[in-house]
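**Student:** Give me the fold of what follows.
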Amino acid sequence: MSVAIYTLTSPLHDESAVAGVTREFLSTLDCTYDFCGPDYAGFGSSHDLDLIYVRTGGTEGLFKELLPKLGGGPFYLLTSGKSNSLAASMEILSFLRQQGLKGEILHGDAEYVNARIALLHQVESARRKMRGTRLGIIGKPSDWLISSGYDPVTVRQKLGVELVSIMEEVLEALEPSTLADAAIACGTPVYESGQNVQDAFPGAWSLYKALRKVVERYELKGFTIRCFDLLTAVKNTGCIALARLNAEGYVAGCEGDVPAMLSMYIGRSLLGVSGFQANPSRIDPKTGEILFAHCTVPFDMVSRYAFDTHFESGIGVGVRGHVPEGPVTVFKVSGDLSRHFAAEGELLRNQSKPDLCRTQVVLQLPETAYFLTNPIGNHHIILPGHCRSLLEALVE
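**Tutor:** Here you go, the predicted model:
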């Protein structure tokens, strides 16, 4: 764990007495840390998480003088509560809020403080991982995504992510593939719709190889593609390509949906896992059950999978995956990052109805009213495990 602890101490206090309190307090921390003391030279650049240990009262002016050198935060103020340190921390945090800056006071028993440090370290590590990365938008967002716009300036300012527009390179990078080529990578394919799917498989694998070239050429950590245009351009789908690329550690989203891609990327940066981009198809407000479906799912999220046609078009290759039952979190951010939704629930079962996109999961969520009254678009991201607090700590 890469944590640094910096200090604020009033010169009016006796250093030997303060040092004793410091040793006692820091001994309660579970994490490994570098004690930087009053030397702020590496603040904001040398560690995943910087903590400012407010050792005494009377330090508010010292912090105000330091602030221009410390960047834009957020600022995490660690306090033992002794020597008026909590009061000073409250004054500092109030000042930060007046400046439009974010911060938090870490104060309480050892269990609470250590839990917050662990969570914040994971969040700040993800933030640093995202800075300077590039996500591609291959083609324009699909025409039906009328509420799913995005603000590239805000995305760069808040997440440090650059959005890169890419147009015709995928089709230009296409090269022929054989069924044997694809079988080597995917294992012996299991088909649910017979010869049509088998005949489309080499072309679907060619799309994977073309997208992989584009990812490497533009040094992308992920992308979203206007995939429905492939149905007319090459008479095939990108479903296998996206399933495979997500499993390889990239973010690969459908329909040119930038907010969905950002949500997937936040989840991967924070948790190191793939997310399933899907849309609610049916909701039962009385039971809290929601059916989510889509024609692709990351291969590393499923216990088994088979191939079918793409649902809407009846052509190409879609992925019917079986996602393990258990705890999940549904997550979505808006394209300008002004709103988010995160809810924890349970994946109850998988199903395979013929009148829906091929991967179908039934979740139980407590917040069904959100989907019917104030949703953030239609696509949402299903992540394994309960991780709402981590997601909200990063996006709030």
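**Student:** Checking the closest residue to residue 10 other than its chain neighbours next. Helix, strand or coil?
**Tutor:** Taking CB to CB, 6 or more residues apart in numbering as the measure, residue 10 lies nearest to residue 58, with 3.4 Å between them; neighbours along the chain are not counted. Bear in mind the C-beta positions are built from the backbone N, C-alpha and C, glycine included. Under DSSP: H, G, I helix; E, B strand; the rest coil, residue 58 falls in the coil class.
**Student:** Residue 58 and residue 8 touch, don't they?
**Tutor:** No. Contact between residue 58 and residue 8 fails when scored by CB atoms under 8 Å: they sit 9.3 Å apart.
**Student:** Looking at the two, which is more packed in?
**Tutor:** The neighbour count for residue 58 versus residue 8, taken as other CB atoms under 10 Å, is higher for residue 8 (25 against 17).
**Student:** so what's that one up against?
**Tutor:** 38, 52, 53, 54, 55, 56, 59, 62, 63, 88 (CB atoms under 8 Å, 6 or more residues apart in numbering).
**Student:** per-domain residue ranges of this structure.
**Tutor:** 3-130, 134-395 (automatic domain parsing).
**Student:** Angles on the backbone of the residue nearest to residue 388 when sequence neighbours are not counted, please.
**Tutor:** Nearest residue to residue 388, sequence neighbours excluded (CB to CB, 6+ apart): residue 342, at 4.5 Å. As for residue 342, its main-chain torsions (degrees, to the nearest 10) stand at phi -140, psi 130.
**Student:** burial count for the residue nearest to residue 171 when sequence neighbours are not counted?
**Tutor:** Spatial nearest neighbour of residue 171, chain neighbours left out: residue 233 (6.2 Å); criterion: CB to CB, 6+ apart. Per other CB under 10 Å, the neighbour tally for residue 233 reads 12.
**Student:** Residue 233 and residue 225, how far apart?
**Tutor:** Here the criterion is CB to CB, to the nearest Å. By it, residue 233 lies 12 Å from residue 225.
**Student:** now the helices for the protein?
**Tutor:** 15-26, 60-66, 85-98, 110-130, 152-159, 169-172, 179-186, 195-217, 229-233, 239-247, 258-271, 368-373, 388-395 (DSSP state H).
**Student:** so how far is the third one off the chain centroid?
**Tutor:** The chain centroid and the centroid of helix 85-98 are separated by 30 Å, computed with CA atoms, centre = their mean, to the nearest Å.
**Student:** give the contact list for the residue nearest to residue 388.
**Tutor:** Residue 342 neighbours (CB under 8 Å, 6+ apart): 329, 330, 331, 388, 391, 392.
**Student:** Could you identify the most distant pair in the residues you listed?
**Tutor:** 330 and 392 (12.8 Å; CB to CB).
**Student:** Can you pick out the residue with more neighbours from those two?
**Tutor:** residue 330 (26 against 14).
**Student:** Make sure that one is actually in contact with residue 343.
**Tutor:** Yes. Assessed by CB under 8 Å, residue 330 is found in contact with residue 343 at 5.1 Å.
**Student:** tell me, what's touching those two both at once?
**Tutor:** Common neighbours of residue 330 and residue 343 (CB under 8 Å, 6+ apart) are residue 365.
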